[in-house]
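A.B. asks: Okay, here's the prediction I keep looking at, along with the sequence it came from:
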Amino acid sequence: MSELKPTKALASFAANLDPATLPAYVRRKLGWLLLDYLRVCSIGARLPWSDWARAYVGVVGKAGASHVLFSQDQLNPQHATFMNVTFGSSFDADDTHVGAMLHPGVAVWSAALATAEHVGAPGPQLLAAVAAGYETIIRIGLSVQPGHFKRGFQSTGTCDAFGTAAAAGRLLFRGAGAERRIQDAIGLAGSYPSGVAQFYYSGSSGKRIQAAHAAQCGVAAALLTQQGFSGPADMLEGTGGFARAYCDGWDPAVIENGLGERFHLMDVLMKSHASAARVAAGIDGMLALRQEHGFTGVDIASMHLGIPRIIQGRLTNPHPVDLQAAQMCLPFSVALAANIPLTGRRSSDVTVADYEAGLADRRLFELEDRTTIELDDEVEAASNALSTAAKVSVELRDGRKLSILVPAPKGSPSRPFTAQEHEARFTQELSRRISEQACADIITVAEDLDRLDPASLARMLRPGG
């Protein structure tokens, strides 16, 4: 058996992927991922840290052909990617691959749309770039986990750079030599990753642009390669390469096995809540108990959370110090779900506004103090690379004892949204910005991604579109 060369394998896949061969189920999933990407970007574009990013890009950015979503602003592909990823990743509702422990879609879609507009690439090539970007990010993430996470890295801030280099490279380099140049871009992208995850413990707003930084670095690597720079051909597997520098133990076979036949993007979860994906089952559990039994947080005498080992210590520390930490905190998130009003809401999703309000609500901290958290064998057995389970048990002040095991949250591969739910979630948000007809037109494009033109999409997304 020949020695594995995953860096070269990913470059070859990106260069040679024929979009016409993508299975119908992959195309359908990518259409739903596009709608979800635009939905979360629309929400995130209204948040304050997106204004900070706009101010930053106003200093460092240069005009170009690539649109910033929901505006007439056009930037170079690197900084358009940065802005659009900031919109989509800034409140923890972007799509997630649980096993790889990262958010691939907001980086890939932003980079591919911006680069396709930069070079004038047609829909089928854009589609191939997106598929290549998703697979690159997810496969690298799966190959280094869980050692990467245990070393203190958030893989969104590391692996996304490789995927956006592959996606942008696919669009920049065609014909003879494309494979080697994409390999150079992936190799060069390996010079950029950081992804240090101290925010799990200390809070900060830095995580809100970690994906944006990684994504723009991948695009920058492709653009630098276009100008003549190169990266190590064995950046992933080399003696001083990414895997050995960033994790303890890795499985390079994960990258090559089934590449081009088995699409890991099919396992991407789309979120209901503005929280870490690994705490979503706990939120779902509390909401389900409340809807069935009719109580609120003040009725809870004590609460117990059963968890798998993977989240212990990182996502279980009570009393978060800020909004970002709150969204990554299981006990706070479940306490929040116990106290939010369930009537008069457009959906049962827990939003970033709920989290902001919850930080000022002492009832949540008091409920956290009445909460115990323990490893649970049943929860461990139900958790896997596709979703993280949770068990929520409460004893109410009236003596009732209630418990629920949630094997997987809504939006995960085993509990997916229906086509109608995807379209409704998209339209509910985007109709705040654009006409119902424009929403319907974008849904039609998502059903046939060969028709996806980034400039036309940008026009449809403008107010009044």
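C.D. replies: In hand now; what should we look at?
A.B. asks: show me what contacts the residue sitting nearest the centre point of the chain?
C.D. replies: In the chain, the residue lying closest to the centroid (Cα atoms, centre = their mean) is H103, at 2.5 Å. H103 sits next to 89, 94-97, 156, 160, 211 when contact means Cβ atoms under 8 Å, 6 or more residues apart in numbering. (Glycine included, C-beta is placed from N, CA and C.)
A.B. asks: hmm, try it at 7 Å
C.D. replies: The neighbourhood of H103, defined by Cβ atoms under 7 Å, 6 or more residues apart in numbering, consists of 89, 94-96, 156, 211.
A.B. asks: Just those: which are in helices?
C.D. replies: Of these, the ones assigned to helices by DSSP state H are 89, 156, 211.
A.B. asks: Now do the residue nearest to the first one when sequence neighbours are not counted, the pLDDT please.
C.D. replies: Spelled out, that is S89. In space, and not counting its chain neighbours, S89 is closest to A211: 3.9 Å by Cβ to Cβ, 6 or more residues apart in numbering. Here the pLDDT value assigned to A211 is 93.
A.B. asks: swap in L4?
C.D. replies: pLDDT at L4 comes out at 75.
A.B. asks: you'd agree it is in a helix?
C.D. replies: No. Checked against DSSP: H, G, I helix; E, B strand; the rest coil, L4 lies outside a helix; its state is coil.
A.B. asks: list the contacts for it?
C.D. replies: Going by Cβ under 7 Å, 6+ apart, L4 touches 237, 252-253, 256.
A.B. asks: do you know how far the residue nearest to the centre of the chain is from D184?
C.D. replies: 26 Å (Cβ to Cβ, to the nearest Å).
A.B. asks: list the buried ones in the helix or strand bottoming out on mean pLDDT in the chain?
C.D. replies: Within the chain, no helix or strand scores below helix 199-202, which has a mean of 74 by mean pLDDT, DSSP states H and E. Residues 199-200 are the ones in helix 199-202 that count as buried (16 or more other Cβ atoms under 10 Å).
A.B. asks: next one: stretch 263-283
C.D. replies: In stretch 263-283, counting by 16+ other Cβ under 10 Å, buried: 263-283.
A.B. asks: for it, the distance to its chain's centre please.
C.D. replies: 9 Å (Cα atoms, centre = their mean, to the nearest Å).
A.B. asks: gap between the two ends of that stretch?
C.D. replies: Stretch 263-283 has an end-to-end distance of 29 Å (criterion: Cα to Cα, to the nearest Å).
A.B. asks: Same question for stretch 307-324.
C.D. replies: Distance between the two ends of stretch 307-324: 21 Å, counting by Cα to Cα.
A.B. asks: which residues sit against that stretch?
C.D. replies: Residues external to stretch 307-324 that are found in contact with it (Cβ under 7 Å, 6+ apart): 146, 199-200, 203-205, 207-208, 276, 278-279, 326, 328-332, 355-356, 359, 365, 368, 373, 375-376, 379-380, 383, 388-390.
A.B. asks: taking these one by one, which sit in helices?
C.D. replies: 199-200, 326, 330-332, 355-356, 365, 368, 379-380.
A.B. asks: Between which two of these is the distance greatest?
C.D. replies: E356 and E380 (32.6 Å; Cβ to Cβ).
A.B. asks: ok but L402 is inside a strand, no?
C.D. replies: Yes. Checked against three-state DSSP, L402 lies within a strand.
A.B. asks: I'd assumed V394 was in contact with it.
C.D. replies: Yes. Using Cβ atoms under 7 Å, L402 is in contact with V394, at 5.3 Å.
A.B. asks: quick revisit: switch the contacts of L4 over to TSV; also include secondary structure and distance to A168.
C.D. replies: Converted to TSV, these look like this (DSSP: H, G, I helix; E, B strand; the rest coil; distance: Cβ to Cβ, whole Å):
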residue	secondary structure	distance to A168
E237	coil	22
P252	coil	24
A253	helix	26
E256	helix	22
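A.B. asks: tell me which of those residues is nearest to P124?
C.D. replies: Out of the contacts of L4, the member with the shortest distance to P124 (by Cβ to Cβ) is E256, at 25.0 Å.
A.B. asks: so which strand or helix has the residue lying closest to M460 once chain neighbours are set aside?
C.D. replies: Once flanking residues are discounted, M460 sits nearest to A438: 4.8 Å by Cβ to Cβ, 6+ apart. For A438, the host element (DSSP states H and E) is helix 436-447.
A.B. asks: Buried ones in that helix, by neighbour count?
C.D. replies: Buried positions in helix 436-447, judged by neighbour count with 16+ other Cβ under 10 Å: 438-439, 441-443, 445-446.
A.B. asks: Just checking the distance from stretch 173-192 to the centre of its chain.
C.D. replies: On Cα atoms, centre = their mean, the centre of stretch 173-192 falls 24 Å from that of its chain.
A.B. asks: what does it contact?
C.D. replies: For stretch 173-192, contacts defined as Cβ under 7 Å, 6+ apart pick out 7-8, 10-12, 14-15, 161-162, 165-166, 169-170, 217-218, 221-222, 224-225, 229-233, 235, 241-242.
A.B. asks: Among those residues, name the buried ones.
C.D. replies: 7-8, 10-12, 14-15, 161-162, 165-166, 169-170, 217-218, 221-222, 224-225, 231-233, 235, 241-242.
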